[in-house]
Structures are given as structure tokens and as C-alpha cells.
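Asker: Structure, please.
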Amino acid sequence: MRLLTYTGIITLLVTLNACAPRPGTPEAALKKKQEAIEVQEKKVDKTVSSIPKWCLNPPLSDLALSACGSGESSNMNMARNRAILAAKRLLADTIDSEISSRMEDFLKSTGTGTNEAVKQASEIVTKNTTIEAKLTGYKQLKTEAVSMNGKFQFYVLLEYPVGQANQALLNQIKKDEILSTQKNADKAMEELEAEIEKRRKNKN
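Answerer: Residues are numbered from 1 along each chain as shown. From the prediction side, this is the model:
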């Protein structure tokens with residue numbers, strides 16, 4: 001009985017060795033590649049499962065813009081800094097879109113969107129406003145750190161008030177001689193001020 005058992009084990013090992021690709025062959029290289037893919041997939045699954053729900057679905061609001069960023073490092077502070085930088089980059093794109101949209105509304109209200117001088121002035125004002133907005137006004141809403149594969153994975157949720165971006169744009173428009181002196185500019189600025197005040201009241 002014992003002899004039969006040993007014989008069975010030896011037969012199984014011989015079969016497995018026969019099925020395994022020989023080292024150096026294309027089949028062996030393919031198997032190694034597949035194993036590496038499986039390891040990577042498991043790592044990705046673990047990373048995704050660790051992401052906070054508030055990071056996967058940042059809050060939507062008419063009062064504020066938000067973005068989530070993540071950063072990885074063996075150093076906690078470095079992971080945090082990378083996460084904040086990633087969130088700021090995402091938020092900067094959203095702020096840029098918001099300011100550009102408001103400037104388009106302003107030009108439509110004044111009816112001077114096709115005027116070349118006005119167009120150039122609006123581009124400069126939009127750029128200056130975007131730079132100003134990106135430098136200040138960020139607020140950290142949530143943070144979370146996870147230890148993974150010997151490193152820190154840091155998540156941060158940033159918020160930027162929409163009213164603050166619009167206020168920065170209004171201030172830049174008022175300082176620009178070309179935009180602020182256009183026909184219907186006063187009316188357009190009043191509309192923007194009303195929008196800012198509306199958002200401010202809703203936030204309070």
C-alpha cells in the first residue's frame with residue numbers, strides 16, 4: 001500500500017514537471033509574464049479597496065469645488081505632500097473652467113466677445129485670476145492614511161469656494177481699463193456680484 005502511495009506521488013511530480021515549460025523557452029517567458037500580471041492585479045485590487053468612498057466620489061456643490069488626491073511614499077509627510085499636490089492640480093483645472101465660464105458670461109453680457117482688444121484683455125484677466133485662485137483659498141476637508149506594502153498611502157480631499165473664485169475674477173475685471181469701460185460692463189459686473197452674494201448667503 002505504501003509502495004503504491006510513493007509511486008503515485010512520483011508519478012504526479014513527473015507529470016507536473018512534464019507540464020511545466022522549460023526555462024528559456026517562449027512558454028516559460030509567457031508564464032513568468034502572466035504571474036507578474038497576476039501579482040500586479042492583486043496589488044491594484046488591494047490599492048482600490050483601500051481608497052475612501054469620499055475620495056472616489058468627491059462631493060458636488062454649487063457653493064464649492066472639490067477634488068481628491070493620493071500620494072504614496074515610505075515617508076508619511078512625503079506621501080501627504082504628494083497627495084495635496086495631486087488634489088491641487090485636479091482642483092486647479094476645475095477652477096480654471098469655472099473662471100473661464102464666468103468670463104464668457106461677462107463677455108456675452110457686454111456683447112463684446114468678438115472685439116480683439118477685449119478678447120486679449122479677457123484672456124489676460126482670466127489667466128491672472130486663475131493664478132491668484134490657485135495660490136490661496138484651499139481648505140482640507142478630509143484626510144486618511146493607509147499602510148500598504150511597506151509604504152504610506154495618503155488621501156486628502158480639498159475644497160475651494162466658488163464665490164471666492166468669482167470674487168477674484170470680479171476684482172481683476174474692475175482693475176482692467178478695457179473690460180471695465182465696455183458698454184454694459186457695469187450691468188455685467190452687477191450680475192456677477194449678485195451671483196457672488198447669492199452663493200455667500202447660501203453658504204451661511
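
Asker: Let's check: the centremost residue of this structure is which one?
Answerer: Leu90 (3.6 Å; Cα atoms, centre = their mean).

Asker: Which residue comes closest to it once chain neighbours are left out?
Answerer: Ala67 (3.8 Å; Cβ to Cβ, 6 or more residues apart in numbering). For the C-beta atoms, the positions are set from N, CA and C on the backbone; glycine is no exception.

Asker: packing partners for the helix or strand encompassing Glu144?
Answerer: Using DSSP states H and E, Glu144 sits within strand 139-148. When contacts are defined as 3 or more Cβ pairs under 8 Å, 6 or more residues apart in numbering; DSSP states H and E, strand 139-148 packs onto helix 26-50, helix 76-110, strand 151-161.

Asker: tell me which residues of it are tucked away?
Answerer: By 16 or more other Cβ atoms under 10 Å, the buried positions in strand 139-148 come out as 142, 144, 146.

Asker: Save those as a markdown table, and put in pLDDT and distance to Lys127 too.
Answerer: Converted to a markdown table, these look like this (pLDDT from 0 to 100; distance: Cβ to Cβ, whole Å):
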| residue | pLDDT | distance to Lys127 |
| --- | --- | --- |
| Lys142 | 95 | 31 |
| Glu144 | 94 | 34 |
| Val146 | 91 | 38 |
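
Asker: Same list, the residues you listed, but as CSV with distance to Ile84 please.
Answerer: Shown next, in CSV, are the buried residues of strand 139-148 (distance: Cβ to Cβ, whole Å):
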residue, distance to Ile84
Lys142, 12
Glu144, 13
Val146, 16
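
Asker: Brilliant, that's me finished.
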